[in-house]
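In: Sequence first, then the predicted structure:
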Amino acid sequence: MAKHFNLSAFYTALDAQREAKHLSWREVAIETGVNASTLTRIGQGKSPNAENFLALTNWLGLDPKVFWDMKEQGKTETLTIISVALQGDPCLDDESIALIDGLVRNTYEKLHKP
């Protein structure tokens, strides 16, 4: 089975992290050591080289493999990733985590395509 890189998910994760940290793309470049023009190219649909990919996944705090074959991982993996991320968010208390997790799970169940 061929493995496919999900560039769209990768860029979405970068942008979400950037917004959460209230950073500009130039500031992301400084924090990660990845050239700003490389970040622009990623936004334009061009895959990063291995070194930049690893630097950026490290900055995201994610295992690089989550961006490979995501469609084939399915529901369990998606919900697991979201739940783990919520558990690790220092801005949320246990009640807030449970509320968001429940909303995500219920919405996913209604919208996912088997």
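Out: It's in. Please read these numbers as outputs of a predicted model, since none were measured by experiment.
In: how does this structure divide up, domain by domain?
Out: Listed by automatic domain parsing, the domain ranges of the chain are 7-67, 70-111.
In: Any chance of CSV for the ones you listed, columns mean pLDDT and mean neighbour count?
Out: (C-beta placed from N, C-alpha, C; glycine too.) Below are those laid out as CSV (pLDDT from 0 to 100; neighbours: other Cβ atoms under 10 Å):
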stretch, mean pLDDT, mean neighbour count
domain 7-67, 94, 15
domain 70-111, 81, 12
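In: for Lys113, helix, strand, or coil?
Out: coil (DSSP: H, G, I helix; E, B strand; the rest coil).
In: what does stretch 97-112 contact?
Out: Outside stretch 97-112, the residues that touch it by Cβ atoms under 8 Å, 6 or more residues apart in numbering are Lys75, Thr78, Leu79, Ile82, Ser83, Leu86, Gln87, Asp89, Leu92.
In: Three-state assignment for the spatially closest residue to Thr32 that is not a sequence neighbour, please.
Out: Leaving aside its chain neighbours, Thr32 sits nearest to Trp59 (4.6 Å; criterion: Cβ to Cβ, 6 or more residues apart in numbering). Under the three-state scheme (three-state DSSP), Trp59 adopts helix.
In: could you list every residue that touches the residue nearest to Leu62 when sequence neighbours are not counted?
Out: Leaving out its chain neighbours, the residue that sits closest to Leu62 by Cβ to Cβ, 6+ apart is Ala13, at 6.8 Å. Applying Cβ under 8 Å, 6+ apart, we find Ala13 in contact with Leu60, Leu62, Phe67.
In: Relative to Ala13, how far out is the last one?
Out: Look at Phe67 and Ala13: by Cβ to Cβ, to the nearest Å, they are 8 Å apart.
In: that older thread, return the subset of the contacts of stretch 97-112 lying in strands.
Out: Counting by DSSP state E, none of the members of those fall within strands.
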